[in-house]
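Undergrad: Need coordinates for the below:
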Amino acid sequence: MSATDPFIVIPKVNVSKDEALDILAEAIAVHEGFYLSGSIAYDYNNPGAIRRWGSYPVGYRGGGFVIFPTIKEGWAALYTLLRNRCQYNQTLYDLIAVYAPKSDGNNPLNYASILAKKLGVSINTRISDIYCK
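TA: Numbers count the residues shown, from 1 in each chain. Predicted coordinates for the structure are as follows:
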């Protein structure tokens with residue numbers, strides 16, 4: 001992969017909170033396999049690999065991920081989920097420990113570390129300092 005690859009997120013310094021939210025959402029989508037044909041995230045129009053979202057149907061593959069009718073709705077859900085976490089005084093690690101818990105077979109420390117690197121922050125940085133307004 002090269003630096004011009006659309007799936008590479010280059011850490012930026014001094015970005016706006018809106019830009020940081022975009023970087024975070026994109027990094028989550030990449031981590032969840034959204035750009036890989038055949039992945040649950042790709043097949044279900046669900047870039048965040050969200051498990052429950054309102055009355056949207058849930059698929060049977062991989063433990064019940066939401067099937068969004070359009071990619072636009074899947075992205076909107078991911079952004080809403082991330083914005084809704086702003087009401088809690090969480091670090092990036094805290095966010096990911098809830099979003100992708102060990103109990104689901106995830107490694108929150110590794111996941112948060114990957115996202116932190118993309119954002120150019122520590123896993124202990126408060127999300128209020130990263131993207132919350």
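Undergrad: For the most centrally placed residue in the chain, give me the pLDDT.
TA: Closest residue to the average C-alpha location of the chain: I28 at 3.0 Å, with C-alpha atoms, centre = their mean. On the pLDDT scale, I28 is placed at 97.
Undergrad: Return the set of buried residues in stretch 107-116.
TA: 108, 111-116 (16 or more other C-beta atoms under 10 Å). The way it works is simple: take the backbone N, C-alpha and C, and place the C-beta from them, glycine included.
Undergrad: show me the contacts for the residue nearest to the centre of the chain.
TA: By C-beta atoms under 8 Å, 6 or more residues apart in numbering, the contact set of I28 is 47-48, 78, 115.
Undergrad: I71: which of the residues you listed is nearest?
TA: P47 (7.5 Å; C-beta to C-beta).
Undergrad: So the closest one: helix, strand or coil?
TA: Of the three states, P47 takes coil according to DSSP: H, G, I helix; E, B strand; the rest coil.
Undergrad: which SSE is the closest residue to it other than its chain neighbours in?
TA: Nearest residue to P47, sequence neighbours excluded (C-beta to C-beta, 6 or more residues apart in numbering): A29, at 3.7 Å. Assessed by DSSP states H and E, A29 sits inside helix 17-31.
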